[in-house]
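A.B. asks: how would this look folded up:
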Amino acid sequence: MWQEGNDRLFRDEKTDKKMIEQYLNEKTFKGTRKINMNLGFYGMVQLANVILLSMNLAGYSSNPAMIWVLVPQLILTIGILIYGIDLFYKLKDINKYSDSLQVLIERQLWFFKKPYEIWLFLVSVSVIILMTNVNLYIDNDNGNYVINNKVMFVIVTLVAFLFIYGSQKVAGIRSLRSLKAYLSDLQHGVLEQSDRLEHTKKRYIWIWVALFVLLSASLIYGIITANRM
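C.D. replies: Model (predicted):
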């Protein structure tokens, strides 16, 4: 009877560990899909930048000063696109060649701390390039573009960059924190950190919804006010 009880306990413990690993494995690959979506979305941004920059190079071909501004942006955009493709294959290799869930999480942690951190900065720059070139294309005046208020232009560009980078950074920190929680639970054979993380996510989702509603209301109010003027 004692031996049978020990065998049952061992089987239950083994089952629990397997269930925990399966749960954490699903959570880990869910995070991987989010990264791939990020890489895909900002890859499309780079392609849009290449098209816009090419059009602006043609539109400002008679303006040497603008050519010197646009060519470095085009080179940088192509570099960001290549870096994004390289990141995609790095992440694919991490998921493909990891021989255990712990190794997979440890490699993903390295990915977030080093290559992906550079990506966050680069994509923030790429969005600023996109915004700038949309304005250049719309306000092209026979190959000339005039900034009426240079100080305000710099301030708005800087604020936009900080907002984009900040939002990307927050998302990156959340993913990094999740991976650390998964690794801790995997090593200790419990789901304590993961459960706490899920409760925190549910709590903060209402804050994000409230902020979205507030920003949307502010945007609508601004559009209505501008139309009345």
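
A.B. asks: hey, let's count contacts and neighbours off CA atoms from now on
C.D. replies: Noted.

A.B. asks: Residue 82 and residue 52: what is the separation?
C.D. replies: Distance of residue 82 to residue 52, given as CA to CA, to the nearest Å: 18 Å.

A.B. asks: Identify each buried residue in stretch 132-148, please.
C.D. replies: 133-134, 136-137, 143, 145 (16 or more other CA atoms under 10 Å).

A.B. asks: Which members of the residues you listed occur in helices, if any?
C.D. replies: 133-134, 136-137 (DSSP state H).

A.B. asks: Could you check which of residue 82 and residue 52 has the larger neighbour count?
C.D. replies: The neighbour comparison of residue 82 against residue 52 (other CA atoms under 10 Å) goes to residue 52, with 20 against 14.

A.B. asks: list the contacts for the more buried one?
C.D. replies: Residue 52 makes contact with 130, 133-134, 137, according to CA atoms under 8 Å, 6 or more residues apart in numbering.

A.B. asks: Residue 39 now?
C.D. replies: 84, 88.

A.B. asks: can you list the buried residues of stretch 132-148 in a markdown table and add distance to residue 77?
C.D. replies: Shown next, in a markdown table, are these (distance: CA to CA, whole Å):
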| residue | distance to residue 77 |
| --- | --- |
| 133 | 12 |
| 134 | 15 |
| 136 | 16 |
| 137 | 17 |
| 143 | 22 |
| 145 | 21 |
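
A.B. asks: Can you list the helices and strands that the host helix or strand of residue 129 packs against?
C.D. replies: Assigned by DSSP states H and E, residue 129 belongs to helix 115-138. Judged by 3 or more CA pairs under 8 Å, 6 or more residues apart in numbering; DSSP states H and E, helix 115-138 is in contact with helix 2-59, helix 64-97, helix 150-188.

A.B. asks: for the record, mean pLDDT for it?
C.D. replies: Throughout helix 115-138, pLDDT has a mean value of 90.

A.B. asks: before we move on, the earlier item: out of the helices and strands packed on helix 115-138, flag the one nearest residue 106.
C.D. replies: Proximity to residue 106 (CA to CA) singles out helix 150-188 among those, at 7.7 Å.

A.B. asks: so that closest one versus helix 2-59, what angle?
C.D. replies: Computed by axes from the mean of the first three to the mean of the last three CA atoms, to 10 degrees, the angle separating helix 150-188 from helix 2-59 equals 160 degrees.

A.B. asks: Can you verify residue 62 is assigned to a strand?
C.D. replies: No. Under the criterion used here (DSSP: H, G, I helix; E, B strand; the rest coil), residue 62 is coil, not part of a strand.
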